[in-house]
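Asker: what's the 3D shape of this:
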Amino acid sequence: MLSNRFLRTAVVFFVVGVSVGMYMGIANDHRFTHVHAHLNLLGWVALGLAGLIYSAHPQLEKGWWADAHYWLHTVGLVVFMGGFAYGTVSGAFAIVPVSLGASMVAAGVVVFAINVIARIGDRRARVAR
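Answerer: Predicted structure coming up:
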């Protein structure tokens, strides 16, 4: 089920986000605070909640909307955070990966919103459960 993929991916982002937080605390190097926060909020929280919503409303998983949401959000977040981390280490703002990744995440969120708003009340698809 796609909801399980969202939940597994959220857990991976959670582990990475917590690891970044642990590194910052142990090394007393807080340059990656924005990476840590975005991994936890956009990765763990947003993808985890989406997975729970897809699990509770399986009709939302049908069609291309949920797949588009997953790939845009997940790949976008990796590109976004990679650009943030690179910029932090190099001292040069990595505008292309940051803006591309952020745009992909935003597009994924919009696709999710359209899917939920348009289809959450579709009782016909629910009967097929």
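Asker: hey, where'd the strands end up in the protein?
Answerer: Using DSSP state E, no strands are found in the chain.
Asker: Report the central residue of it.
Answerer: residue 43 (4.0 Å; CA atoms, centre = their mean).
Asker: gap between the two ends of stretch 88-95?
Answerer: In stretch 88-95, first residue to last residue: 12 Å (CA to CA, to the nearest Å).
Asker: returning to that earlier point: what pLDDT does the closest residue to the residue nearest to the centre of the chain other than its chain neighbours get?
Answerer: Nearest residue to residue 43, sequence neighbours excluded (CB to CB, 6 or more residues apart in numbering): residue 13, at 2.6 Å. Glycine gets a C-beta too; all of them are placed from N, C-alpha and C. With respect to pLDDT, residue 13 scores 97.
Asker: and what of residue 1?
Answerer: Confidence score, pLDDT, at residue 1: 86.
Asker: ok, now how distant is it from residue 29?
Answerer: 39 Å (CB to CB, to the nearest Å).
Asker: wait, what's in contact with residue 13?
Answerer: When contacts are counted by CB atoms under 8 Å, 6 or more residues apart in numbering, residue 13 is found next to 39-40, 42-44, 47, 77.
Asker: Mind doing that once more with 7 Å?
Answerer: When contacts are counted by CB atoms under 7 Å, 6 or more residues apart in numbering, residue 13 touches 39, 43-44, 47.
Asker: Could you check how far it is from residue 24?
Answerer: 16 Å.
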